[in-house]
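Engineer: Sharing a model prediction with you, sequence too.
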2 protein chains.
Amino acid sequence: MATIIDVAKAAGVSKSTVSRVLTDNGYVSESSRQKVLAAMEEIGYIPNILARQFQSGVTKTIGFIAPSYLSTMGKFLQVFMETAKKYGYFVNLYLTSGDKQKELEALNQMKFKQIDGIFILTRTNEWEVIEKFSQYGPISTWNRIEEDWIYSAYFDHYEGYFKALNYLYDEGYREFGHVLGNSQNLNTKARMKALKEFHETKGIKLNPDWLIQESRLYDDGKLIGEKWLNSEQKPECLAFYSDYVAAQFISKIEEEGFKSPDDVGVLGFDNSEISDLMHITTVDYSIEKQAYNSFIYLYNQLNDMAIPEEKLTTKIIKRKTI
Amino acid sequence: MATIIDVAKAAGVSKSTVSRVLTDNGYVSESSRQKVLAAMEEIGYIPNILARQFQSGVTKTIGFIAPSYLSTMGKFLQVFMETAKKYGYFVNLYLTSGDKQKELEALNQMKFKQIDGIFILTRTNEWEVIEKFSQYGPISTWNRIEEDWIYSAYFDHYEGYFKALNYLYDEGYREFGHVLGNSQNLNTKARMKALKEFHETKGIKLNPDWLIQESRLYDDGKLIGEKWLNSEQKPECLAFYSDYVAAQFISKIEEEGFKSPDDVGVLGFDNSEISDLMHITTVDYSIEKQAYNSFIYLYNQLNDMAIPEEKLTTKIIKRKTI
DNA sequence: CTGTTAGCGCCTTCAT
DNA sequence: ATGAAGGCGCTAACAG
């Protein structure tokens, strides 16, 4: 493998000059530059990234932690990776299966300087545990959280959910069921606030039996489907916090011969691929932009930059389950 | 950041001794070892992976190339990554969006020693192009191919497809449609052979109009749905080479009020999550084991090992579309 | 503008 | 069994 020394010899200059043209740093005469460039071309020189990383102490890679490969994640990951590449970063994916230990191992990679920063799609450990790692590099997440040492791609779930419920109201629904995420999650709290105000404003009473706070079980949607099937008082419609859970719900009730929207209206959330495939009416809240922002934040931290973030928006995607 | 020198000082030995206990290589007296271990503990020493990688010229990471997020991929990726971690490897994911240039960039990472080996879920460039990169490290793929410089997680599609078609026959279907993948693909060729023999054996004539060779368009399934909708002579059932394409097909015909299996039987392939969600009858061909094998091959190549691969099996997963 | 030199942290001979 | 020394490829002062 050719090194800068080989290039230097071939070009008849010193290795520092070669390094200078490589990094575009410091003064190099045009003639030297040309000689070096020609020599690199001729020899087929390829810089050793390992040496560079070692020398600079920086890996130019970001860790991306997620519990598993969810369909929701596809779009997010794709944009995140594209943005990263555009700014010269690699992305390391860590699938934790919701295993705290695995998540910790991933976080440890930053301590070991294997990655420069971390993005957490959905955390598994408590924030207090994760916080310890922020001393080793920047962390950002998709969940909105209170802590200020961590960044969150902020989306106003309060406004989004309020809008969504009004849409359901306008479509004629009056008996609502709500399926929310983890109650500790700030997004969940914002949605909770929105739905309470919505029910008050419209003068519709809230059925506590159908105000579901999810844990983060894999097949929550199926469980909710069962609950619905066994329920005496079925709500007219259900608003989910995730397309994926909504899809599982529909899948479950279909097994027993029920259908949406005939038997129950279903509103998803994410506008992920699965919602398209299964014709689920859903809410688009610009996941792409959130992914972009999530990376940009990390990038800004790592490089002392201040690249502006994108403004997020919300949109109802009308399909067949409402 | 503490280095081995700091540890050496604290332990009152030389850095070579520290290195020896670190690598478990060479002779170290038990007393020295204990002193070193204690010193590392006390100082909170963390080995610098970057330095190690640089020194050894090896990154202990494998590139995983895929065109985009596919639901099929979830399970495969998860097992691949778990196996990798078990053997001390990291995995770098590259999503190419079916863009040849992007795939090349990923391949180039191996040239730049950024990764030690590469796995390609589904290639975008021609094999001849990809072949050039095998000089930089081992490559394996999910597609079976003829070239011997590349490994493929082998699954006998001939046998699997034959079995699947017989199942459809036993269920009473007589008019078949076949949706196959890229015709250059050896798996496709194997399936082609199987279906020809099947039709001959059973004395059923093959409708050339419903022998579909796919290119690799994103929404092929929807296109096939349209074709089916506009078709005069609709086949009784359709056997797909992928759950995902089958899902798109069903999604499309449902938009026009048709249903499976009432209007057309649908057999998927992969037993991926989407087939579960949409109740698609499908063929399981142990994707997990293929993922395991794919990594093990790379590992064996990289480390001159001969860890045995897992034997693959096939199974019909009966759900609702047949 | 360019060359010399000194590391970055670790592993690995080579003596002893 | 241990220490000294050299080197992996590159960057970044520091002198000219």
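Structural biologist: Arrived safely. Model, not experiment: these values are computed from the prediction.
Engineer: For chain A, just list every one of the helices.
Structural biologist: A:4-11, A:15-23, A:30-43, A:49-56, A:71-86, A:100-111, A:127-131, A:157-170, A:186-202, A:220-230, A:243-255, A:273-277, A:287-303 (DSSP state H).
Engineer: Which one of these lies nearest to chain B?
Structural biologist: Nearest to chain B among the helices of chain A is helix A:71-86; the distance by CB to the nearest CB comes to 2.9 Å. For the C-beta atoms, the positions are set from N, CA and C on the backbone; glycine is no exception.
Engineer: And that closest one, what does it pack against?
Structural biologist: If you count contacts as 3 or more CB pairs under 8 Å, 6 or more residues apart in numbering or on different chains; DSSP states H and E, helix A:71-86 packs onto strand A:61-66, strand A:90-95, helix A:243-255, helix A:273-277, helix A:287-303, strand B:90-95.
Engineer: out of these, nearest to DNA strand D?
Structural biologist: Closest of the helices and strands packed on helix A:71-86 to DNA strand D is helix A:287-303, at 13.4 Å (criterion: CB to the nearest atom of the strand).
Engineer: Off-centre distance for that closest one?
Structural biologist: 10 Å (CA atoms, centre = their mean, to the nearest Å).
Engineer: before we move on, what about stretch A:107-125?
Structural biologist: The answer for stretch A:107-125 is 14 Å, by CA atoms, centre = their mean.
Engineer: Using PDB, write down the CA coordinates of stretch A:246-262.
Structural biologist: Output in PDB follows, covering the C-alpha atoms of stretch A:246-262 (Å, rounded to 0.1, in the frame of the first residue of the first chain):
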ATOM      1  CA  ALA A 246     -52.200   0.700  14.400                       C
ATOM      2  CA  ALA A 247     -51.200  -1.900  11.800                       C
ATOM      3  CA  GLN A 248     -50.900  -4.600  14.400                       C
ATOM      4  CA  PHE A 249     -54.300  -3.600  15.700                       C
ATOM      5  CA  ILE A 250     -56.000  -3.800  12.300                       C
ATOM      6  CA  SER A 251     -54.200  -7.100  11.600                       C
ATOM      7  CA  LYS A 252     -55.600  -8.500  14.800                       C
ATOM      8  CA  ILE A 253     -59.200  -7.500  14.300                       C
ATOM      9  CA  GLU A 254     -59.100  -8.600  10.700                       C
ATOM     10  CA  GLU A 255     -58.300 -12.100  12.000                       C
ATOM     11  CA  GLU A 256     -61.800 -12.100  13.600                       C
ATOM     12  CA  GLY A 257     -63.500 -10.700  10.600                       C
ATOM     13  CA  PHE A 258     -63.700  -7.100  11.500                       C
ATOM     14  CA  LYS A 259     -62.600  -4.200   9.300                       C
ATOM     15  CA  SER A 260     -61.600  -0.600   9.400                       C
ATOM     16  CA  PRO A 261     -63.200   1.800   8.800                       C
ATOM     17  CA  ASP A 262     -66.500  -0.100   8.800                       C
END
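Engineer: For it, list every residue counted as buried.
Structural biologist: A:246-254, A:258, A:260-261 (16 or more other CB atoms under 10 Å in any protein chain shown).
Engineer: Looking at these, spot the one nearest B:Glu159.
Structural biologist: Ranked by distance to B:Glu159 (CB to CB), the buried residues of stretch A:246-262 are led by A:Ser251 at 30.6 Å.
Engineer: Where does the prediction get shaky in chain A?
Structural biologist: A:70-72, A:144-150, A:154, A:215-218 (pLDDT under 70).
Engineer: Up against DNA strand C, what does it have?
Structural biologist: For chain A, the residues in contact with DNA strand C (CB under 7 Å from any atom of the strand) are A:12-17, A:20, A:26-29, A:31-32, A:54-55, A:57.
Engineer: Restricted to buried residues, select those residues in ChimeraX.
Structural biologist: To isolate the buried ones among these in ChimeraX, judged by 16+ other CB under 10 Å, type:
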select /A:13,15,17,20,28,32,54
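Engineer: export stretch A:29-48 as PDB, just CAs?
Structural biologist: Written as PDB, here are the backbone C-alpha positions of stretch A:29-48 (Å, rounded to 0.1, in the frame of the first residue of the first chain):
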ATOM      1  CA  SER A  29       3.100  26.300  -4.700                       C
ATOM      2  CA  GLU A  30       1.000  25.500  -7.700                       C
ATOM      3  CA  SER A  31       3.800  23.600  -9.300                       C
ATOM      4  CA  SER A  32       4.400  21.400  -6.200                       C
ATOM      5  CA  ARG A  33       0.700  20.800  -6.000                       C
ATOM      6  CA  GLN A  34       0.600  19.600  -9.500                       C
ATOM      7  CA  LYS A  35       3.600  17.400  -9.100                       C
ATOM      8  CA  VAL A  36       2.000  15.800  -6.000                       C
ATOM      9  CA  LEU A  37      -1.300  15.300  -7.600                       C
ATOM     10  CA  ALA A  38       0.300  13.700 -10.600                       C
ATOM     11  CA  ALA A  39       2.400  11.400  -8.400                       C
ATOM     12  CA  MET A  40      -0.700  10.300  -6.400                       C
ATOM     13  CA  GLU A  41      -2.500   9.500  -9.600                       C
ATOM     14  CA  GLU A  42       0.400   7.600 -11.000                       C
ATOM     15  CA  ILE A  43       1.100   5.500  -7.900                       C
ATOM     16  CA  GLY A  44      -2.600   5.000  -7.100                       C
ATOM     17  CA  TYR A  45      -2.300   6.400  -3.700                       C
ATOM     18  CA  ILE A  46      -5.100   5.900  -1.200                       C
ATOM     19  CA  PRO A  47      -5.000   7.700   2.100                       C
ATOM     20  CA  ASN A  48      -5.100   5.400   5.100                       C
END
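Engineer: Fine by me, we can end here.
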